[in-house]
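>>> give the three-dimensional model of this entry:
(one chain, ligands or ions: 1)
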Amino acid sequence: MYRSRPEGSIDREILNYVSSLKDDSEIFFYDIIGSEVHVIMLHEIGYLSRGELVELLQALEEAKHHPKSIMKKSEHEDVHESVESFVVEKIGMSKGGMLQTARSRNDQVMTDLKMKVRNDINEVSILLGNLVETLLNSADSNKQTLMLLYTHLQHAQIGTFSHYLLSYTESIFRDMERLEELYSRINQSPLGSLAIGGSSFSVDRNRTASLLGFDQLSINSIDATSSRDMILEYLACLGILMITLSRISEDFILWTTDEFKYIELADSASSTSSAMPQKKNPDPLEILRSKSGGILGNLIASMTILKGLPSGYSRDLQDLKSLVFSSTTTTVNSLSMLRFVIESSIVHKTRMLEIAKSSFANAIDVAELLTSKKYLEFRSAHKLVGSLVKLAISNGKHSLEDLGEIEIEQLLQASGYQIQVEALKEIIVACRAENVLALRKSKGSPNHSEQVEMIHHNKMRLMNFRDRTAKRKKAIDKAYDDLSKIVRSYTFGSES
Ligand code: ARG
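The predicted structure follows:
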């Protein structure tokens, strides 16, 4: 249908090779409404008569209801050609042939893609909000659940499970903010830029932009049609977010092992083995871990596609679409899955406590208390507690509290520290796992009042974030609603 200079039809194999029809079903709806606002604008600037507009709108409305048959047309290169052909078939070339006046597939595809990505940002944002809600609820019921915190995967300090969960709400809030900020860069209309250099028609770009719910114009027609940096940014946002989800998954995978036994996945969230009957495997989390790699691959693939392109549209850009669409689908599915897993997991609080108690993870608290009570300066306190830990381990003890007075006395005498056994014992008892968090005073620590404060603060943040997301979504829904009203106002009563 587009062939004017080349003679005859394109070779079938070549057509299949260049076609993007398979991916384009994701932008089918956007392509049609983009065409609707375009012809409305062409009528408003006086190019199309009311009668021509009405026929074009009717054909486009009908196209909306036949996505499958339109997208199956294997003789077309993409959704744009398929929809235009449908319109021409419906109302004839003399009217259907006006659809692409003052428009190119180059501004068209970018308009479609931006509408799709802004929709995806909103969808991902809603799911992010839901995940944060789950994390906050679980944090709320685990404010007193003591657990070890690890550095280098070795026992580090005593903390709480809530503190762990809240740490991930922080990174997810950053993921949300990144997407929010990107939204304003995505929500700029390229429509009316044509192939690269604009049109001699006085297309009203502001009008088409506002009919589609865009906040601004992507002003320069070269940039509007051929830049894709905001698409890279979107994939980077998803990639970073998926890294966060993958790290949570990795923690949970580790903690479901018999060696840890901190967490147990719900049966409904677990897989098993065809051979080993005892198995309960965390497969969904492992799949998330691998799929996050796929999204990072999509980001790198997109950057590589883009990096050597000359300015102006090249067909290479078409291949970004499937990378974007599949990344959104994976992210959306992963967010829902992870929420389900976290919500349905059993937290073995007693096991966490036992492990925390039979560890030396309170060593730093003992050293700090020795320091704050002015028995020793910190470096000497560090050395003394290190020697106590070493002694306990070599005597087969599992915590500092297990050390007897005689053992401590011998160590103090041999090392010459100026502190009484009783005082040292008292400090060790004050720092036992159940007591130690009350001693932590710093902001953002697992101290109980800090947990309460963080949960409260994050609930407020979530509420505000959800408000902003809903507002964005509402603005788009309203634009689409207003558009269908305008379309109906033209087509109503004109059914042929
Ligand atoms: N199908 C193409 C894409 O998805 C749009 C077509 C632009 N084609 C062209 N030859 N200028 O990017």
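>>> what residue of this structure is the furthest out?
In the chain, counting by CA atoms, centre = their mean, residue 413 sits farthest out from the average C-alpha position, at 58.1 Å.
>>> please confirm that that residue is located within a helix.
Yes - assessed with DSSP: H, G, I helix; E, B strand; the rest coil, residue 413 lies in a helix.
>>> what separation is there between it and residue 419?
11 Å (CB to CB, to the nearest Å). In this view, the C-beta of every residue, glycine as well, is placed from N, C-alpha and C.
>>> ditto for residue 25
With the distance defined as CB to CB, residue 25 ends up 75 Å from residue 419.
>>> what do you get for residue 268?
Distance, residue 268 to residue 419, by CB to CB: 55 Å.
>>> ok, now residue 271?
In terms of CB to CB, residue 271 sits 55 Å off from residue 419.
>>> looking at these two, which is more packed in?
residue 419 (17 against 13; other CB atoms under 10 Å).
>>> and the nearest residue to that one once chain neighbours are set aside, backbone torsions?
Closest residue to residue 419 apart from its sequence neighbours, by CB to CB, 6 or more residues apart in numbering: residue 375 at 4.9 Å. Dihedral pair for residue 375: phi -70, psi -40, per degrees, to the nearest 10.
>>> just to check, residue 375 is in contact with residue 412?
No - when contacts are counted by CB atoms under 8 Å, residue 375 is not listed as touching residue 412 (11.4 Å).
>>> which neighbours do these two have in common?
Common contacts of residue 375 and residue 412, defined by CB atoms under 8 Å, 6 or more residues apart in numbering, comprise residue 419.
>>> now the strand or helix carrying residue 85: average pLDDT?
Assigned by DSSP states H and E, residue 85 belongs to helix 79-91. Averaged over helix 79-91, pLDDT sits at 96.
>>> looks to me like residue 148 is in a strand.
Yes - counting by three-state DSSP, residue 148 is found in a strand.
>>> from residue 155, how far off is it?
For residue 148 relative to residue 155 (CB to CB), the value is 5 Å.
>>> ditto for residue 336
34 Å.
>>> those two: which has the busier surroundings?
Legend: neighbour count by other CB under 10 Å for residue 336 and residue 155, higher for residue 155 (17 against 13).
>>> A strand includes the more buried one, no?
Yes - assigned with three-state DSSP, residue 155 falls within a strand.
>>> for it, give me the pLDDT.
97.
>>> run a quick neighbour tally on residue 74.
Residue 74 is flanked by 11 other residues according to other CB under 10 Å.
>>> ok but it is inside a helix, no?
No - judged by three-state DSSP, residue 74 forms no part of a helix; its state is coil.
>>> can you show me the strands along this protein?
For the chain, the strands defined by DSSP state E occupy 146-151, 154-160, 188-189, 216-217, 263-264, 346-347.
>>> distance to the ligand added to the ones you listed, as TSV?
Listed next are these as TSV, based on distance: least, CB to the nearest ligand atom, whole Å:
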stretch	distance to the ligand
strand 146-151	47
strand 154-160	50
strand 188-189	17
strand 216-217	20
strand 263-264	44
strand 346-347	47
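>>> who are the contact partners of the nearest residue to residue 469 once chain neighbours are set aside?
Once flanking residues are discounted, residue 469 sits nearest to residue 125: 4.5 Å by CB to CB, 6+ apart. By CB under 8 Å, 6+ apart, the contact list for residue 125 reads 176, 179, 180, 465, 469.
>>> pick the one among these closest to residue 231.
residue 179 (13.4 Å; CB to CB).
>>> distance of that closest one relative to the ligand?
24 Å (CB to the nearest ligand atom, to the nearest Å).
>>> around that residue, how many other residues sit close by?
Neighbours of residue 179 using other CB under 10 Å come to 22.
>>> that one is in contact with residue 118, isn't it?
No - Residue 179 lies out of contact with residue 118 (CB under 8 Å); the separation is 10.2 Å.
>>> excluding its backbone neighbours, what's nearest the residue of the stretch 301-450 of the chain found nearest the ligand?
Going by CB to the nearest ligand atom, the ligand is nearest to residue 318 of the stretch 301-450 of the chain, at 3.5 Å. Beyond its immediate neighbours in the sequence, the residue positioned closest to residue 318 (CB to CB, 6+ apart) is residue 20, lying 4.9 Å away.
>>> so who does the one you found touch?
By CB under 8 Å, 6+ apart, the residues touching residue 20 are 77, 78, 79, 318, 321, 322.
>>> which residues does the fifth one contact?
Right, the one you point to is residue 321. When contacts are counted by CB under 8 Å, 6+ apart, residue 321 is found next to 20, 23, 24, 26, 27, 109, 113.
>>> of those residues, keep whichever come out buried.
Among the contacts of residue 321, those buried by neighbour count (16 or more other CB atoms under 10 Å) are 20, 23, 24, 26, 27, 109, 113.
>>> nothing else from me, thank you.
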